[in-house]
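Undergrad: generate coordinates for the sequence data below:
(one chain, ligands or ions: 2)
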Amino acid sequence: MKVGIIGAAGRMGRMLIEATLANPETELAVAVDVPGSSLIGVDAGELVGAGKLGVTVGDDLAALAGQADVFIDFTVPEATARNIETCRQAGSRLVIGTTGLNDEQKARLRAASEEVAICFAPNYSVGVNLCFKLLETAAAVLGDDVDIEIIEAHHRHKIDAPSGTALRMGEVVAQTLGRDLKECAVYGREGRTGERDRQTIGFETIRGGDIVGDHTVLFAAEGERVEITHKASSRMAFARGAVRAALWLGAQPKGLFDMQDVLGLAGESAGWGAR
Ligand SMILES: NC(=O)C1=CN([C@@H]2O[C@H](COP(=O)(O)OP(=O)(O)OC[C@H]3O[C@@H](n4cnc5c(N)ncnc54)[C@H](OP(=O)(O)O)[C@@H]3O)[C@@H](O)[C@H]2O)C=CC1
Ligand SMILES: O=C(O)C1=N[C@H](C(=O)O)C[C@H](O)C1
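TA: Ligands and ions are numbered 1, 2, ... in the order given. Down below sits the predicted model:
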């Protein structure tokens, strides 16, 4: 399968190039980054120490859209929104890892998926997607008898908070408990907060150094507590998952999917964020 990487010069973009080269079923066909980047025109192989591959980093997705079977986009929300439109017009499949999309951008994504196949997930690691299923079970068993807090930590360069993964974890728990996350989420606390309302779901964000991505969901009761934790130690976990999603998406003519679909874990609650 011919794969195109959008955001190729970024932290994830470089990992995605490596993961595409390492997978015997995928071939790097296109690499794109932001217009004006000093890396436009550089060979994509040189970005990851793989030597020259004959694929130079371009800046015009529309002109390159026909050269790949599936594109993988890990950029910023504004760029992803434009790329969705470009892929829709070109009839190209798209795997999206970008987090922090607003409601309007998600609505446009949903609309585009009526014409092309799109996989959209806040986290492509297998471990995190397993955690989503564990969270359904934990929330269903522990129910309304616990206080629920979601704590995430990431590197100092991350621009959105809470992480897309933390928000999805909140959506999974809220949906299982019949709550609306938009109404029950509490983001950080300061000052005289008053006693905790058990119906709320709290979010705490840590940013520092080179932390790849840690997530903990804490279920705290009187006398005991349960913690479900995932720690990523390499971005390769996300990149391998995204390439797996690209291969899976190649068989889908159109529609909106997420990593739960790719892994065969999708139940009634799949696609919490975008659907
Ligand atoms: N779903 C998942 O599994 C994961 C999701 N992510 C998400 O992926 C996104 C990217 O993360 P990360 O790689 O760390 O970020 P980076 O900033 O390192 O990479 C983003 C890249 O996209 C480039 N870019 C910006 N605008 C455009 C554009 N219009 N066209 C093409 N390229 C563009 C940036 O260029 P420049 O820097 O020059 O602006 C940069 O090279 C984030 O939203 C993050 O949360 C991250 C890891 C896992
Ligand atoms: O920006 C990152 O780095 C990551 N972002 C994703 C998110 O927002 O959930 C996934 C991962 O934790 C790394």
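
Undergrad: now S37: how far from G58?
TA: From S37 across to G58, the span is 10 Å (C-beta to C-beta, to the nearest Å). Backbone N, C-alpha and C define where each C-beta goes, glycine included.

Undergrad: of the two, which one has the most company?
TA: A count of neighbours by other C-beta atoms under 10 Å puts G58 above the other of S37 and G58, at 19 against 15.

Undergrad: would you state the strands of the chain in chain order?
TA: For the chain, applying DSSP state E gives strands covering 2-6, 27-32, 57-58, 70-73, 93-96, 117-120, 147-154, 185-187, 201-207, 213-220, 225-232, 255-257.

Undergrad: just send the ones you listed back as JSON lines, with mean pLDDT too.
TA: Shown next, in JSON lines, are the strands of the chain (pLDDT from 0 to 100):
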{"stretch": "strand 2-6", "mean pLDDT": "98"}
{"stretch": "strand 27-32", "mean pLDDT": "98"}
{"stretch": "strand 57-58", "mean pLDDT": "98"}
{"stretch": "strand 70-73", "mean pLDDT": "98"}
{"stretch": "strand 93-96", "mean pLDDT": "98"}
{"stretch": "strand 117-120", "mean pLDDT": "98"}
{"stretch": "strand 147-154", "mean pLDDT": "98"}
{"stretch": "strand 185-187", "mean pLDDT": "98"}
{"stretch": "strand 201-207", "mean pLDDT": "98"}
{"stretch": "strand 213-220", "mean pLDDT": "98"}
{"stretch": "strand 225-232", "mean pLDDT": "98"}
{"stretch": "strand 255-257", "mean pLDDT": "98"}
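
Undergrad: need the ones you listed in TSV (columns: distance to ligand 1).
TA: Below are the strands of the chain laid out as TSV (distance: least, C-beta to the nearest ligand atom, whole Å):
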stretch	distance to ligand 1
strand 2-6	5
strand 27-32	5
strand 57-58	9
strand 70-73	8
strand 93-96	8
strand 117-120	9
strand 147-154	8
strand 185-187	17
strand 201-207	12
strand 213-220	7
strand 225-232	8
strand 255-257	13
